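Engineer: With the sequence up front, the predicted model follows.
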Amino acid sequence: MKLKPVVELGVAEAYAILAARPGVSLPPLEAIENEDWGRDFLLSRFEQVPADELAALGLRWDDGSDDSDDDPRD
């Protein structure tokens, strides 16, 4: 299964995932969804989610841009 980078999540999708985690406290979606900082705030919260939990959700933290295996110069 190919994992989706967290940075590709929309605000509402990211909010729903984080809000479903036990012990996570977030401001109301309506308060952050149209704010410039709202998406960044949510993405920063994903840094606290262990990689194995992200993978179970079909997600990964990195965007794959630093994968050295994909470098054609090797």
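Structural biologist: Received, thanks.

Engineer: Please report the distance of the closest residue in space to residue 57 that isn't next to it in sequence from residue 39.
Structural biologist: In space, and not counting its chain neighbours, residue 57 is closest to residue 17: 6.3 Å by CB to CB, 6 or more residues apart in numbering. All C-beta spots, glycine's among them, are computed from the backbone N, C-alpha and C. Per CB to CB, to the nearest Å, residue 17 is found 13 Å from residue 39.

Engineer: same question, residue 19
Structural biologist: Applying CB to CB to residue 19 and residue 39 gives a distance of 15 Å.

Engineer: more neighbours, the two?
Structural biologist: Between residue 19 and residue 39, counted using other CB atoms under 10 Å, the more crowded position is residue 39 (17 against 12).

Engineer: Counting neighbours, what do you get for the residue nearest to the more buried one when sequence neighbours are not counted?
Structural biologist: Leaving out its chain neighbours, the residue that sits closest to residue 39 by CB to CB, 6+ apart is residue 11, at 5.2 Å. By the measure other CB under 10 Å, the count of residues near residue 11 is 17.

Engineer: cool, and residue 7?
Structural biologist: 15.
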